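Undergrad: Sequence and predicted structure are below.
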Amino acid sequence: MTTAIDEDADLRLYKAEQVAELWGISKSWLQKSAADGSIEATYLTKPGMSKGLLRFSLAQIRMAMAQFTVKPVNGSARKSDKRAA
């Protein structure tokens, strides 16, 4: 069985709700981070709307998810000092 590769995935825009649900992160964090510019997002506006719709491209999702990457802790820093007393 082969998996189809979606060549247009980078062109598609995803709602904050979709990103939050699929990747298990907070929608409010996405909204706040996009508003303060700490992550990149796209705001689409429609005629008659005062506020843009928040959308993310696949590249923007990858950059946002990189902020959730858990970095390993240095093993020596976690060991307790076991010197003989």
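TA: Perfect, I can see it now.

Undergrad: dump the residue contacts of A66.
TA: Residues near A66 by Cβ atoms under 8 Å, 6 or more residues apart in numbering: none. (Each C-beta comes from the backbone N, C-alpha and C, glycine too.)

Undergrad: Against W23, how distant is it?
TA: 12 Å (Cβ to Cβ, to the nearest Å).

Undergrad: now do L30
TA: With the distance defined as Cβ to Cβ, L30 ends up 10 Å from W23.

Undergrad: So these two - more neighbours on which side?
TA: Between L30 and W23, counted using other Cβ atoms under 10 Å, L30 has the larger neighbour count: 23 against 12.

Undergrad: Which helix or which strand is home to that one?
TA: For L30, the host element (DSSP states H and E) is helix 27-36.

Undergrad: Can you list the low-confidence ranges for this structure?
TA: Counting by pLDDT under 70, the chain contains low-confidence residues at 1-11, 49-50, 68-85.

Undergrad: quick one, strands of the chain?
TA: If DSSP state E is used as the criterion, the strands of the chain fall at 14-15, 42-44, 53-56.

Undergrad: Parallel or antiparallel, list what pairs with the shortest one.
TA: In this case it means strand 14-15. Pairing partners of strand 14-15, with direction, according to DSSP bridges: strand 53-56 (antiparallel).

Undergrad: Buried residues of the strand it pairs with, list them for me.
TA: For strand 53-56, burial by neighbour count (16 or more other Cβ atoms under 10 Å) applies to L54, R55, F56.
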